[in-house]
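Novice: Predicted model and sequence below, questions to follow.
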Amino acid sequence: MKKIIEVNNNQISMEDLLGESVTIFCGNYFYTGKLVGVNTDYVLLENPKIVYETGELASKKWADAQGLPHNWYVMKHAIESYGVLDKE
């Protein structure tokens with residue numbers, strides 16, 4: 001069983017962000033949602049959105065982010081970067 005734990009080093013893996021709302025930058029699209037699953041090939045987002053236009057990254061809202069109809073899998077090999085952004 002994988003659990004959310006507190007990490008005391010500077011290295012953050014995707015598993016360390018389980019339960020957080022994350023933004024994933026891929027080659028073609030950006031995705032955002034709650035990270036609820038991680039395996040060797042995919043990450044699973046709950047309440048996912050596909051971000052078509054970011055707008056100012058410092059703003060609180062996406063310029064154009066559209067909800068996907070159900071949980072969404074993103075292939076890990078397509079991910080360029082990821083992290084936590086406080087956006088709606």
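Specialist: All right, it came through fine.
Novice: low-scoring stretches of this structure, by residue?
Specialist: For the chain, the stretches with pLDDT under 70 are 5-11.
Novice: what about the longest strand in it?
Specialist: Looking across the chain with DSSP state E, the single longest strand is strand 42-53.
Novice: Next, the buried residues of that strand.
Specialist: By 16 or more other CB atoms under 10 Å, the buried positions in strand 42-53 come out as 43-45, 48-51. For every residue, glycine as well, the C-beta is placed using N, CA and C.
Novice: got a list of contacts for whatever helix or strand comes next after it?
Specialist: Under the assignment DSSP states H and E, the closest C-terminal helix or strand after strand 42-53 is strand 64-67. Taking CB atoms under 8 Å, 6 or more residues apart in numbering as the criterion, the residues outside strand 64-67 that touch it are 32, 47-53, 55, 87.
Novice: Next: stretch 40-51.
Specialist: Taking CB under 8 Å, 6+ apart as the rule, stretch 40-51 contacts 14, 22-24, 29-38, 62, 64-68, 71-77, 79.
Novice: Separate out the buried members of those residues.
Specialist: Buried among the contacts of stretch 40-51 by 16+ other CB under 10 Å: 14, 22-24, 30-35, 38, 62, 65, 72, 74.
Novice: ok so, going back, and the contacts of strand 64-67 as a markdown table, adding distance to M1?
Specialist: Conversion of these to a markdown table gives the following (distance: CB to CB, whole Å):
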| residue | distance to M1 |
| --- | --- |
| T32 | 26 |
| N47 | 23 |
| P48 | 24 |
| K49 | 28 |
| I50 | 30 |
| V51 | 31 |
| Y52 | 36 |
| E53 | 39 |
| G55 | 39 |
| K87 | 31 |
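Novice: Could you list every helix and strand that the helix or strand where Y82 lies packs against?
Specialist: In this assignment (DSSP H and E), Y82 forms part of strand 79-83. The contact analysis (3 or more CB pairs under 8 Å, 6 or more residues apart in numbering; DSSP states H and E) places strand 79-83 against strand 21-26.
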